[in-house]
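Trainee: model this:
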Amino acid sequence: MPQNIEDYALIGDRETAALVGRNGSIDWLCMPRFDSPACFAALLGSPENGRWLLTPDAKTKLTRRSYREGTLVLETEHETDGGTVRVIDCMPARDDDHPCVLRMVEGVSGSVAMTLELVLRFDYGSLVPWVQRTKRGIVAVAGPDAVTFDSDVELKGENLKTVAHFTVSKKQRLTFALTWSPSFAVKRDTRSDVARQIRETASWWKRWSSSADYHGPHKDTVVRSLITLKALTYAPTGAIVAAPTTSLPEAWGGPRNWDYRYCWLRDATFTLYSLMNAGYTEEARAWRDWLLRAIAGNAGQTKAMYAIRGERRIEEIELPWLGGFHGAKPVRIGNAVHKQLQLDVYGEVCDVLYLSARTRLNHIDKHIWSLQTKLMDFLEGAWKEADEGMWEVRGPRRDFVHSKVMAWVAFDRSVKMIEELKLEGPRDRWRETRDRIHEEVMLKGFDDASGAFVQYYGAREVDASALLIPLVGFLPATDKRVVGTIRQIEKTLLVDGFVRRYRTKTETDGLPPGEGCFLPCSFWLADVYMLLGRRKEACALFDRLVALASDVGLLSEEYDPVGRRFLGNFPQAFSHVALVNTARNLYSKNGPAKHRHAKVGAGGIGGARIRKR
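Mentor: Reported below is the predicted structural model:
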């Protein structure tokens, strides 16, 4: 099992995804959807919990891997004493509801003996399936799931595993296909032209990525981030998952382990801005339609997160049979955040609707405006309440400053939509509420002793979410109170130049303290440096953050500067959102945006990845 999170690469078909280790093992795969039970769960346990290993028998002298340019087709080369072999992995787009993983082994030089080990374990590694042989492989069935495995090499059963040993010579190709179907309608005939499907998959991704509207420095890294964001978008509905994994630890050894395979309104708005600003308006329209369906009903029942088809009940449970990533327990599926009140999401939603109406989409749909007005009617009373905040604490509710600031954003953008788009609405009342929120935050959210905005009313410590204050236009970056806040963040939250969210405490989190540096917060700091005219520092910080990306250009949620390794679910959508948005803000032809509602947009000029619990 790979030692670090960054040892994995992502493949996917825009409905689910798999993680492929540097060692040739697929250790995580949920089918048929991102949030379905995993059939390969070795990532969170052991090989006995399911994996698909395809690797040389002999010791590998050197492993090189990369994506084909502009695609999500992964190529891994293993160099041994006997020769070099290339393994190509991808998931083709579906023409039905049968997700498929394709793997092709190519001989590059010499002759290489290979091992294949297929360990299918349904329901997150807990169920051993019944297996039947076919002419070219096997069919495995357990409960509602069935997998058909097609192989160019002879297979045999061994200790509840399917194994093969074979040799690949120069220019030789061998192919394998693993296809899911419901157990009541097993798809037995899955043989296809794997090489052709790989070419077609690469061509689709190449066409999509080639239209990205970015031409500044680090273009390859920015485009890789956009591809990753597209891969995390659930094609049938337009929902955007925060990450394709669950329970990868935010602190080595746990227990800060959460399931991110769902759509947070906050995160999705930030992702949308990144895609929309790169020219991808189709994704914005799809998510807007998903939003209308998901929120439908009483505005007071709006959730911070939903399942990818719009479901509201996402019960959180623990899986005791999985030992966790390097012992980080508990392993959780589902997420209790669906029960929380998070007032900031109203601001994020209104912000992205305002920006989409003003820029890429050029109009506001009457049904969307009706939804927005209902959200604002609810927020007129709800903004005064304490909530769990953007960091989704499991301690007591508090009057988090960021939540109040984003409530201000909701009223500010809604007023602007009335004024600029000539829409019907209670402009004067909303404007009055906006001003009242601003006055309260200035009075209760600022600590004169430290000269900084604090985490919540009555607190004394700063929170990295305060970096968003100038990015959303609440105050200018040059305001002395913002400058003082930045100074406090630099003083108390910087570790080796990277930013922590806040000083984790049990009384706030409801959890043991300790975690890594939060990558999006570091991108936000670079954005604020840019607004302050500290361009050299902004670019230097951005370069350091880009350098953290794995060899295949992926980022996790957090970074451990001491252990020099990734932490948290992977790849993390909003670390990539932050990278895309900061690149644009640093290197846009128009220069840095002043704040979101001017030239930047949802996600701020740093584009947030926000904590899920």
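
Trainee: switch to C-alpha atoms for all contacts and neighbour counts from now on
Mentor: Will do.

Trainee: so who does residue 386 touch?
Mentor: Taking CA atoms under 8 Å, 6 or more residues apart in numbering, we find residue 386 in contact with 397, 398, 399, 400.

Trainee: can you count the residues close to the second one?
Mentor: When neighbours are defined as other CA atoms under 10 Å, residue 398 has 18 of them.

Trainee: And the last one, by the same measure?
Mentor: The criterion is other CA under 10 Å. On that basis, residue 400 has 28 neighbouring residues.

Trainee: State the distance from the closest residue to it other than its chain neighbours to residue 196.
Mentor: Excluding its sequence neighbours, the residue lying closest to residue 400 (CA to CA, 6 or more residues apart in numbering) is residue 456, at 4.0 Å. When distance is defined by CA to CA, to the nearest Å, residue 456 is 56 Å away from residue 196.

Trainee: More neighbours: which of the two?
Mentor: Neighbour tally, residue 456 and residue 196, criterion other CA under 10 Å: the higher count belongs to residue 456, 23 against 10.

Trainee: Tell me the confidence at that one?
Mentor: At residue 456, the pLDDT value in this model is 96.

Trainee: Now do the contacts for it.
Mentor: Neighbour list for residue 456: 398, 399, 400, 401, 402, 445 [criterion: CA under 8 Å, 6+ apart].

Trainee: Filter these down to the ones in helices?
Mentor: Within these, membership in helices is found for 401, 402, as judged by DSSP state H.

Trainee: Which one of the contacts of residue 456 is nearest to residue 270?
Mentor: For the contacts of residue 456, the minimum distance to residue 270 (CA to CA) is 15.9 Å, reached by residue 402.

Trainee: if I look at the residue nearest to that closest one when sequence neighbours are not counted, how far off is residue 497?
Mentor: Nearest non-adjacent residue to residue 402, counting by CA to CA, 6+ apart: residue 465, 6.3 Å away. As for residue 465, its distance to residue 497 is 17 Å (criterion: CA to CA).

Trainee: before we move on, what about residue 538?
Mentor: Taken as CA to CA, the span from residue 538 to residue 497 is 12 Å.

Trainee: any shared contact partners between those two?
Mentor: The contact lists of residue 538 and residue 497 share no entry, where a contact means CA under 8 Å, 6+ apart.

Trainee: So for the two, which sits in the more crowded spot?
Mentor: The residue with more neighbours, out of residue 538 and residue 497 and counting by other CA under 10 Å, is residue 538; that gives 23 against 14.

Trainee: That one reaches residue 524, doesn't it?
Mentor: No - taking CA atoms under 8 Å as the definition, residue 538 is not a contact partner of residue 524, at 9.7 Å.

Trainee: can you dump the C-alpha coordinates of whichever strand in the chain runs longest into PDB?
Mentor: As far as residue count goes, and with DSSP state E defining each element, the longest strand of the chain is strand 100-119. Coordinates of each C-alpha in strand 100-119 appear next as PDB, following Å, rounded to 0.1, in the frame of the first residue of the first chain:
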ATOM      1  CA  CYS A 100     -15.900   0.600 -16.700                       C
ATOM      2  CA  VAL A 101     -12.200   0.700 -15.700                       C
ATOM      3  CA  LEU A 102      -9.800   0.000 -18.600                       C
ATOM      4  CA  ARG A 103      -6.200  -1.000 -18.200                       C
ATOM      5  CA  MET A 104      -3.700  -1.700 -21.000                       C
ATOM      6  CA  VAL A 105      -0.200  -3.100 -20.500                       C
ATOM      7  CA  GLU A 106       2.400  -2.200 -23.200                       C
ATOM      8  CA  GLY A 107       5.900  -3.500 -23.600                       C
ATOM      9  CA  VAL A 108       8.300  -0.600 -24.000                       C
ATOM     10  CA  SER A 109      11.600  -2.500 -24.000                       C
ATOM     11  CA  GLY A 110      12.900  -5.900 -23.100                       C
ATOM     12  CA  SER A 111      10.700  -8.500 -21.400                       C
ATOM     13  CA  VAL A 112       8.900  -7.900 -18.100                       C
ATOM     14  CA  ALA A 113       7.100 -10.500 -16.000                       C
ATOM     15  CA  MET A 114       3.900  -9.100 -14.500                       C
ATOM     16  CA  THR A 115       1.500  -9.900 -11.700                       C
ATOM     17  CA  LEU A 116      -2.200  -9.200 -11.700                       C
ATOM     18  CA  GLU A 117      -4.200  -9.500  -8.400                       C
ATOM     19  CA  LEU A 118      -7.900  -8.700  -8.400                       C
ATOM     20  CA  VAL A 119      -9.500  -8.600  -4.900                       C
END
